[in-house]
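K.L.:
Coordinates only, no sequence provided:
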């Protein structure tokens with residue numbers, strides 16, 4: 001399990017650094033040419049940022065489900081009625 005967690009963290013770091021690199025290259029290209037000629041770099045920047053967000057949300061959802069399983073809160077109701085104290 002821990003290797004999967006570090007692999008996901010590695011991917012997230014790589015995507016952040018790639019998006020930073022694409023941003024720097026896009027700024028340099030935009031100054032040299034026009035927006036139409038450097039648009040592909042902007043799209044690569046957005047793809048990396050959205051992929052990072054996807055991995056981040058998937059990891060957060062998996063962490064929450066692991067916490068619920070460890071607490072015993074599966075979210076599935078058993079057929080047993082809850083015992084409520086009445087008057």
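P.N.:
It's in. This one's a predicted model, so the numbers in the text were calculated from it and none came from an experiment.
K.L.:
quick one: low-confidence parts of the protein?
P.N.:
In the predicted model, the chain carries pLDDT under 70 at residues 1-8, 73-87.
K.L.:
what about the residue nearest the centre of it, distance to residue 36?
P.N.:
Nearest to the mean C-alpha position of the chain, by Cα atoms, centre = their mean, lies residue 56 at 1.9 Å. Counting by Cβ to Cβ, to the nearest Å, the gap from residue 56 to residue 36 is 32 Å. C-beta coordinates here come from the backbone N, C-alpha and C atoms, glycine included.
K.L.:
ditto for residue 22
P.N.:
From residue 22 to residue 36 the distance is 17 Å (Cβ to Cβ).
K.L.:
Looking at those two, which one has more neighbours?
P.N.:
residue 22 (21 against 7; other Cβ atoms under 10 Å).
K.L.:
and that one, helix, strand or coil?
P.N.:
The three-state label given to residue 22 by DSSP: H, G, I helix; E, B strand; the rest coil is helix.
K.L.:
got the contact list for it?
P.N.:
Residue 22 makes contacts with 41, 42, 44, 45, 48, as judged by Cβ atoms under 8 Å, 6 or more residues apart in numbering.
K.L.:
Measure how buried the fourth one is and give me the count.
P.N.:
By other Cβ under 10 Å, 19 other residues sit near residue 45.
K.L.:
Just the buried positions in whichever strand or helix holds it, please.
P.N.:
In the assignment (DSSP states H and E), residue 45 maps to helix 35-71. Across helix 35-71, burial judged by 16 or more other Cβ atoms under 10 Å covers 38, 41, 42, 44, 45, 48, 49, 52, 59.
K.L.:
ok, those residues vs residue 67, which is closest?
P.N.:
residue 59 (12.7 Å; Cβ to Cβ).
K.L.:
any idea how far residue 52 is from that closest one?
P.N.:
11 Å.
K.L.:
which residues are in contact with both of those two?
P.N.:
residue 12.
K.L.:
which residues touch residue 50?
P.N.:
Residues counted as contacts of residue 50 (Cβ under 8 Å, 6+ apart): none.
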